[in-house]
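> Here you go, sequence then predicted model.
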Amino acid sequence: MLSYLAAALPPDMSTEGRLLALQCALRSNTSGQVRLPAGLLRGMRLARTLVPWDELEDARWLRRLPHPTKQTGHRTAAAQLLDATVLTQEPARHDRHQAADWALRAASRPRLRALPAADRLTALVLTAHHSPDAGRTSMEAEHLTRTCRLDQNTLTATLDRLVTANIIRAWMLEPVTEDVSWDPPHKTGSRSVK
């Protein structure tokens, strides 16, 4: 889904818009409608701004639906996804909902909460691409920067902040292959949730 969104969203889409699009795509029903509770948006640090919603509407990727009435007791944001390709993406709906919960937890870990959205999205992408059995993992730098909406300078600063936050232990840019490789964080004795 991350690769699909990297290709489907405009290159200038903000990282907040990309995080919101990921949750919308993963949580949508078979008709392409999605309802995101206010608590989920607060957890994503997106409850106080409409900018990501506006960006996704301007890109014609979704259309916001009217807010539920106060009588329903639901405080949700609702939208209709306009890109039918979302519904054909793997995995199936149940698995997408599990992936949405995992992605929310991965991007909202306590060590990431104070970091910018670009860092949270990058941490999510690195975690999604890392095999639990592998040590050092790598991916094409160009794919990483496109997926996370980073340029070379911000990529370096973002990865350095992720090292400081112990999201990754170390990273390097392979000069020949132009791959970014990283090591997982040091084990702290607690089990990783994925």
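Done, it's in.
> Which residues are in contact with residue 83?
Neighbour list for residue 83: 8, 61, 62 [criterion: CB atoms under 8 Å, 6 or more residues apart in numbering]. Placement of C-beta: from N, CA and C, glycine included.
> Now the last one: phi and psi?
Put plainly, it is residue 62. With angles defined as degrees, to the nearest 10, residue 62 sits at phi -150, psi 170.
> again with the first one
Its backbone dihedrals place residue 8 at phi -80, psi -30, with angles given as degrees, to the nearest 10.
> And for residue 33?
Dihedral angles for residue 33 - degrees, to the nearest 10 - are phi -90, psi 150.
> Next up, the contacts around it.
Residue 33 touches 65, 78, 79, 80, 81, counting by CB under 8 Å, 6+ apart.
> who does it bridge with?
In this entry, residue 33 is beta-bridged to residue 80, by DSSP bridges.
> Mind pulling the model confidence for it?
Turning to residue 33, the model gives it a pLDDT of 90.
> if I look at it, how far off is residue 78?
Distance, residue 33 to residue 78, using CB to CB, to the nearest Å: 7 Å.
> quick one: common contacting residues for those two?
Counting by CB under 8 Å, 6+ apart, the common neighbours of residue 33 and residue 78 are residue 65.
> related to what we said a few turns ago, JSON lines please, covering the contacts of residue 33 and showing neighbour count and pLDDT.
Below are the contacts of residue 33 laid out as JSON lines (neighbours: other CB atoms under 10 Å; pLDDT from 0 to 100):
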{"residue": "65", "neighbour count": "14", "pLDDT": "90"}
{"residue": "78", "neighbour count": "15", "pLDDT": "89"}
{"residue": "79", "neighbour count": "21", "pLDDT": "92"}
{"residue": "80", "neighbour count": "14", "pLDDT": "93"}
{"residue": "81", "neighbour count": "21", "pLDDT": "93"}
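> so which of those residues would you say is closest to residue 4?
residue 81 (12.1 Å; CB to CB).
> quick one on the thing from earlier: which of the contacts of residue 83 ranks first by neighbour count?
Top of the contacts of residue 83 by neighbour number is residue 62, holding 24 neighbours under the definition other CB atoms under 10 Å.
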